[in-house]
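S.K.: Give the three-dimensional model of this entry:
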Amino acid sequence: VIDIETEASAATGSQLKSTGGLVVNARDALQLQTLAAGAGFSSGASVGGAFAIGVIDISTKAFVAGDADAARAMTISAHTEIDPTPTLQLPLGVSITASSVAVAGGASSGNAGIAGAVIVNVVDLVTQAYVTNSSHINQDTAILPAADQSLTVSATDDTDLISFAGALGVSVGSTGIGAG
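M.R.: Residues are numbered from 1 along each chain as shown. The predicted model follows:
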C-alpha cells in the first residue's frame, strides 16, 4: 500500500509578492514494482499460486488561497508521475520492464499440476492545481507588471502501469493447467 500526499500552497490570508516571477509547484514521481512468485511440487496433485496486489493513493496539489502578485510569470502547477521500475533481470537472460509481475508454477509426477497468477492494481490519483475564488492575483498596484506578466495554472498526470502475469502447470501422469 502506497499513500502519498504532496502539497505546495499559499494559505488563506497569505500575501506573496515578487518583482520577478513566482512558482508554486507540487510534484510526485514514483517508480513502482510489485513482485510475486509461487510454486507447488508434488507426486500427487500440486498447486502453485502468485498474487501481486498494489494499492496506490496519491494526492498532489498546488494552489494559492491567499493573494499573489508577480511582475513577471506566475506558475501554479501540480504533476504526478508513475513509471515502472527500470528493467527487471530474470534468470536465463530474460529481462522485462514492468510495474507488476506475478509468476506461478505447479508440477506433479502423478496427478494434476495447477498454477495461477493474478495481478490487481487499485489506483486513486488526485492531481490538482488551482487558485481559490477568494484569492487576488496581480492586483497590487505597487508591483509594476512586466511585458511578460502571465499566470499559468496546470495539473498533469503521467501514469504508466505495465503488468505481466504468467503461470505454468505440468503433470507427467495427468493434466497440467496454468492461468495467469
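
S.K.: alpha carbons only for contacts and neighbour counts from here, please
M.R.: Fine.

S.K.: quick one, strands of this structure?
M.R.: With DSSP state E as the criterion, the chain has strands at 2-10, 15-18, 22-32, 34-42, 46-64, 67-70, 73-84, 88-89, 95-96, 100-108, 113-131, 150-159, 163-171, 176-179.

S.K.: Quick check: which helices or strands does the helix or strand bottoming out on mean pLDDT in the chain pack against?
M.R.: None of the helices or strands of the chain scores lower by mean pLDDT, DSSP states H and E than strand 88-89, at a mean of 74. When contacts are defined as 3 or more C-alpha pairs under 8 Å, 6 or more residues apart in numbering; DSSP states H and E, strand 88-89 packs onto strand 95-96.

S.K.: in its sheet, what does the strand it packs on sit against?
M.R.: Note on strand 95-96: by DSSP bridges, its sheet partners are strand 88-89 (antiparallel).

S.K.: Can you give me the neighbour number for Ala29?
M.R.: 12 (other C-alpha atoms under 10 Å).

S.K.: That one contacts Thr80, doesn't it?
M.R.: Yes. The pair Ala29 and Thr80 qualifies as a contact (C-alpha atoms under 8 Å) at a distance of 6.0 Å.

S.K.: Low-confidence regions, this protein specifically.
M.R.: For the chain, no stretch is flagged by pLDDT under 70.

S.K.: before we move on, could you check phi and psi at Val172?
M.R.: The phi/psi pair for Val172 (degrees, to the nearest 10) reads phi -80, psi -40.

S.K.: How about it: what's its closest non-neighbour residue?
M.R.: Using C-alpha to C-alpha, 6 or more residues apart in numbering and skipping the chain neighbours, the partner closest in space to Val172 is Ser109 (4.9 Å).

S.K.: For the one you found, give its distance to Ala117.
M.R.: Counting by C-alpha to C-alpha, to the nearest Å, the separation of Ser109 from Ala117 is 21 Å.

S.K.: re the thing from before, residues touching the residue nearest to Val172, list them.
M.R.: Neighbouring residues of Ser109 by C-alpha atoms under 8 Å, 6 or more residues apart in numbering: 42-44, 171-173.
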